[in-house]
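In: Provided below are the primary sequence and the corresponding predicted coordinates.
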Amino acid sequence: MSTPPTDLLPLTVPWAAFAVVMPLAAGLVAVPLGARAAHLAVPGALAGLLLAVLAASQVLTQGPVYHEVGGWAAPLGIRLRLDGLSAAFLVVTAVVTGAVALFSRPVFGPSSGGETRTAFAFWPLLFFTWAGLNAVFVSADLFNLFVALELLTLTGAAMVALDGRAHNLAAALRYLLFALLGSLIYLLGVAFLYALHGTLDMQLLRSATVPGGVAVTAGALMTAGLMAKGALFPLHAWLPPAHAGAPAPASALLSALVVKASFYVIARLWFDVLPAAATVELTQLLGVLGAVAIVFGSLLALRQERLKLVVAYSTVAQLGYLFLMFPLAGAAGEPHPWTAAAWTGGIFHALAHAPAKAAMFLAAGLMMQAAGSDRLDGLVGIARDLPIAAFAFGLAAASLMGLPPSGGFTAKYLLLTSALDSGQWWWIAVMIAGSLLACAYLFRVLNRFLTGPEEQPALAPVARRHQFLALALAGSSIVLGLLSLVPYDLLQIGRVTAAVEALS
């Protein structure tokens with residue numbers, strides 16, 4: 001058995017393991033409860049947030065830590081790793097999922113109409129999705145990552161098909177086919193690495209892997225599979241119909257968090273496991289795909305006449321920004337003065353996008369509930385009746401457009417300065433164009449909300465407390481920008497050597 005890595009400290013309290021076990025146990029308890037599982041929303045949200053905060057506090061005080069499940073060391077055992085990156089994603093996941101759970105209580109609770117199929121299925125799916133996300137963020141083994149990603153695939157497809165309507169079933173099937181194909185390709189790459197090194201532990205692979213054809217091929221296969229799961233252009237076709245057709249709470253989880261799990265694994269793969277195999281050509285290719293996603297997704301969002309489709313295509317565009325960090329952070333693990341800023345900017349964008357996009361989908365769901373449709377023509381002047389939901393949408397839009405002082409601004413500022421310092425001016429042009437296009441399609445929506453005749457059709461009542469949940473999520477994306485030094489410092493804990501050297 002191998003000895004623990006020297007950069008990790010033994011873990012006295014395994015908060016990483018608890019962060020996975022808690023939602024998994026809640027999901028199992030929710031199965032027999034049916035709609036009454038809505039009563040788990042408040043304690044589940046509080047417990048999940050507390051565990052995530054404790055995990056982040058542990059990293060801040062102790063540095064990167066690990067937990068060997070059952071006491072078995074790698075490569076025989078399962079190792080969980082908790083560093084700044086995983087802790088930051090645990091906290092954001094707890095905030096978003098907790099808010100979605102609270103939002104869903106009246107929608108899928110006993111008061112929603114009794115033991116309906118959707119009320120019975122939603123709560124186990126929500127908690128199992130939460131468990132799968134946390135398992136992705138703390139896993140230190142490529143096969144355990146595969147298992148966690150498969151859990152997300154199954155729960156995500158089930159949530160898309162939750163209401164049983166034909167077009168949502170078709171969208172869920174397309175999602176499932178893309179995701180399963182991605183899983184097979186990812187698993188093939190994992191098999192190559194295992195055949196080459198006899199281990200799938202990420203720390204051991206990093207020390208054992210040398211640049212070569214097999215390592216590059218394995219990494220490319222795994223990346224292609226994860227791109228299909230994460231909906232990066234040109235493998236994005238499943239995302240808009242799936243996310244736009246799902247119930248609003250499910251759409252919020254899928255667009256804010258589930259697609260980020262695949263990006264998280266790709267980032268871990270090329271920065272933590274195979275940095276020496278990350279050639280200039282490969283990183284530039286990922287950047288090009290990200291750039292095309294920004295422009296293509298934004299143009300399609302500009303053409304949509306349904307609010308949820310606008311937000312869904314916006315997700316396609318915003319995911320593209322995440323992949324600009326690969327060419328900007330450098331290749332082959334070489335430290336550059338701009339490496340840390342580029343890496344942090346990409347991760348920061350993923351963190352800031354999550355609450356903003358969840359807020360958008362929740363606000364869109366409330367407007368659809370009030371107006372009976374999410375067609376933009378039917379939402380003219382809706383800000384008069386749902387001012388809090390419209391304001392939440394506007395705050396979230398500010399973050400997606402990259403306006404100060406939002407978290408989206410901080411992320412894009414770091415990416416822009418990295419592109420400027422590295423002399424890669426073409427990425428600056430892409431980011432500016434993407435921000436302008438985001439302004440175009442989001443102001444188009446906001447203009448519909450804020451203008452219209454004085455006489456409006458009667459709208460269904462919407463509880464203000466639900467609007468405040470969307471507002472709280474949108475506000476958290478702004479707070480993330482105002483208090484950016486804390487998450488910035490957290491993200492640097494446990495970073496690869498290249499990024500740490502670039503900070504000094």
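Out: Yep, it's here. Numbers count the residues shown, from 1 in each chain.

In: tell me the domain boundaries of the protein?
Out: 1-140, 164-277, 278-504 (automatic domain parsing).

In: how near is residue 341 to residue 485?
Out: Taking Cβ to Cβ, to the nearest Å as the measure, residue 341 falls 14 Å from residue 485. All C-beta atoms are positioned from the backbone trio N, CA, C, and that covers glycine.

In: Mind checking which of those two has more residues around it?
Out: residue 341 (27 against 9; other Cβ atoms under 10 Å).

In: Hmm, residue 420 and that one touching each other?
Out: No. Using Cβ atoms under 8 Å, residue 341 makes no contact with residue 420, being 10.2 Å away.

In: can I assume residue 188 is in contact with residue 221?
Out: Yes. Assessed by Cβ under 8 Å, residue 188 is found in contact with residue 221 at 5.3 Å.

In: When those two are compared, which one has more neighbours?
Out: Neighbours were counted for residue 188 and for residue 221 using other Cβ under 10 Å; residue 221 has more, 20 against 15.

In: in what helix or strand does the closest residue to that one other than its chain neighbours lie?
Out: Closest residue to residue 221 in three dimensions, ignoring its sequence neighbours and counting by Cβ to Cβ, 6 or more residues apart in numbering: residue 189, at 3.4 Å. Taking DSSP states H and E as the definition, residue 189 sits inside helix 166-197.

In: tell me what that helix is packed against?
Out: Contacts defined by 3 or more Cβ pairs under 8 Å, 6 or more residues apart in numbering; DSSP states H and E place helix 166-197 against helix 142-160, helix 202-208, helix 213-230, helix 239-245.

In: which stretch in the ones you listed has the least confidence?
Out: For those, mean pLDDT drops lowest on helix 202-208, to a mean of 81.

In: hmm, who's touching that helix?
Out: Outside helix 202-208, the residues that touch it by Cβ atoms under 8 Å, 6 or more residues apart in numbering are 2, 5, 74-75, 79, 81, 140-142, 193, 197, 199, 268, 272-275.

In: next one: stretch 52-62
Out: 9, 11, 13, 15-16, 19, 65, 82-84, 86-88, 90-91, 93-94, 489-490, 493-494.

In: Kindly recompute the last result at 6 Å.
Out: Here stretch 52-62 makes contact (Cβ atoms under 6 Å, 6 or more residues apart in numbering) with 9, 15, 19, 82, 84, 87, 90, 91, 94, 493.

In: you'd agree the third one is in a strand?
Out: In other words, residue 19. No. Counting by DSSP: H, G, I helix; E, B strand; the rest coil, residue 19 is not found in a strand; it is helix.

In: And for it, the neighbour number?
Out: Residue 19 has 30 nearby residues by other Cβ under 10 Å.

In: What of the fourth one?
Out: As a burial measure, the neighbour count of residue 82 was computed by other Cβ under 10 Å and equals 30.

In: Skipping its backbone neighbours, what lies nearest it in space?
Out: Nearest to residue 82 is residue 16, by Cβ to Cβ, 6+ apart, at 4.3 Å.

In: Wait, a strand at residue 108?
Out: No. Read with three-state DSSP, residue 108 is coil and lies in no strand.

In: measure it to residue 30 for me?
Out: For residue 108, the distance to residue 30 (Cβ to Cβ) stands at 11 Å.

In: shaky segments in this protein?
Out: 1-12, 70-74, 76-77, 109-116, 209-211, 330-337, 452-458, 496-504 (pLDDT under 70).

In: need the helices for the stretch 301-450 of the chain, in chain order.
Out: 307-322, 325-328, 339-371, 387-401, 407-422, 425-450 (DSSP state H, counting those that start in this stretch).

In: Restricting to C-alpha, output the first one in PDB.
Out: Output in PDB follows, covering the C-alpha atoms of helix 307-322 (Å, rounded to 0.1, in the frame of the first residue of the first chain):
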ATOM      1  CA  LEU A 307     -37.800  32.500 -21.500                       C
ATOM      2  CA  LYS A 308     -36.500  29.100 -20.400                       C
ATOM      3  CA  LEU A 309     -34.900  28.500 -23.800                       C
ATOM      4  CA  VAL A 310     -33.200  31.800 -23.600                       C
ATOM      5  CA  VAL A 311     -31.700  30.800 -20.200                       C
ATOM      6  CA  ALA A 312     -30.900  27.300 -21.400                       C
ATOM      7  CA  TYR A 313     -28.900  28.600 -24.500                       C
ATOM      8  CA  SER A 314     -27.300  31.100 -22.200                       C
ATOM      9  CA  THR A 315     -25.900  28.100 -20.300                       C
ATOM     10  CA  VAL A 316     -24.300  26.800 -23.500                       C
ATOM     11  CA  ALA A 317     -22.700  30.100 -24.000                       C
ATOM     12  CA  GLN A 318     -21.500  30.600 -20.400                       C
ATOM     13  CA  LEU A 319     -20.000  27.100 -20.300                       C
ATOM     14  CA  GLY A 320     -17.700  28.300 -23.100                       C
ATOM     15  CA  TYR A 321     -16.000  30.800 -20.800                       C
ATOM     16  CA  LEU A 322     -14.900  28.000 -18.500                       C
END
